[in-house]
Structures are given as C-alpha cells and as structure tokens.
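J.: starting from these lines, generate the structure:
(one chain, ligands or ions: 1)
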Amino acid sequence: MGCVARMSGGWSGSQRWRRLPPNWRSEIRPAAHARNPDHICHLCGQPGGDYLDHINPGDDHSPENLDWAHDCLPPHCHRYKSSAEGNAAQRAKPGRRRPSEQHPGLR
Ligand SMILES: [Zn+2]
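T.: Okay, the predicted model is just below:
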C-alpha cells in the first residue's frame, strides 16, 4: 500500500479515495481477493496486481466492475490506463515554445 503515500503528493488532492464506500477495505477488497487470489491483472493478464481497479470508472463497486491491476508494481498497467485518460485533457494544451530572443549588441 505504501506506494501511493510515498508518491510526492500525486494523489493528495484526489477524490477517488473519498468515493470509496466504507466497506471497501473490510468487505469489497477482501471479496475481490477471494475471487481472484492471484490478483490476475485485467489489463495485462499477469498475476500480482496490487490495485483494485474499476473497470468502468465511476461509482459502480459491484464485483463485476472490479478487477486487479498493476499500479505500483511493474508493468504499472493501471498507470498507463489513468495517464491515457488524463492525457486527453493535457494534449489540448499547445506546446508553447518561444525561441529565445537574442539581443546582440545590447551591451
Ligand atoms: Zn498488469
């Protein structure tokens, strides 16, 4: 679990934790573990997923919508998924690259 906390504040403003139901840790996560004890990652198909992912983003916490993914652990499948979702917004920004102006002979 430590990975998220150790990340330099990347998740501190995230709403995601707040949206998790109160029984997330006590029931939902253990139930997902029981269904998939190897934590097979639904993104790459390899075992060892450390993150219980919502397949359809949102507030659907039903078992059918939850599956494991690699987040802190390589190959970090879930991060690629999240960054793909986030990049759509970032790509709208124009890359502003000003050629640095030279003032020859200014002195
Ligand atoms: Zn994976």
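J.: near the ion, anything from stretch 49-69?
T.: No: Stretch 49-69 is not in contact with the ion by Cβ under 5 Å from the ion; minimum separation 5.6 Å. Quick note: C-beta positions are derived from backbone N, CA and C, even for glycine.
J.: distance check, the closest residue to His70 other than its chain neighbours against Asp67.
T.: Computed as Cβ to Cβ, 6 or more residues apart in numbering, the closest residue to His70 that is not its neighbour in sequence is Cys77, at 4.6 Å. As judged by Cβ to Cβ, to the nearest Å, Cys77 and Asp67 stand 11 Å apart.
J.: try Ile40
T.: As for Ile40, its distance to Asp67 is 8 Å (criterion: Cβ to Cβ).
J.: between those two, which is the more surrounded one?
T.: Set side by side, Ile40 and Asp67 show unequal neighbour counts under other Cβ atoms under 10 Å, the larger going to Asp67 at 20 against 16.
J.: before we move on, back to that, common neighbours of Ile40 and Asp67, please.
T.: Each of Gly49 lies in contact with both Ile40 and Asp67 under the rule Cβ atoms under 8 Å, 6 or more residues apart in numbering.
J.: can you tell me the helix or strand for Arg29?
T.: For Arg29, the host element (DSSP states H and E) is helix 29-35.
J.: so which elements touch the helix or strand following that helix?
T.: Scanning forward in sequence from helix 29-35 by DSSP H and E, the next helix or strand is strand 51-54. Identification of packing neighbours for strand 51-54 by 3 or more Cβ pairs under 8 Å, 6 or more residues apart in numbering; DSSP states H and E yields strand 66-69, helix 77-90.
J.: make it 7 Å
T.: Under the contact criterion of 3 or more Cβ pairs under 7 Å, 6 or more residues apart in numbering; DSSP states H and E, strand 51-54 touches strand 66-69.
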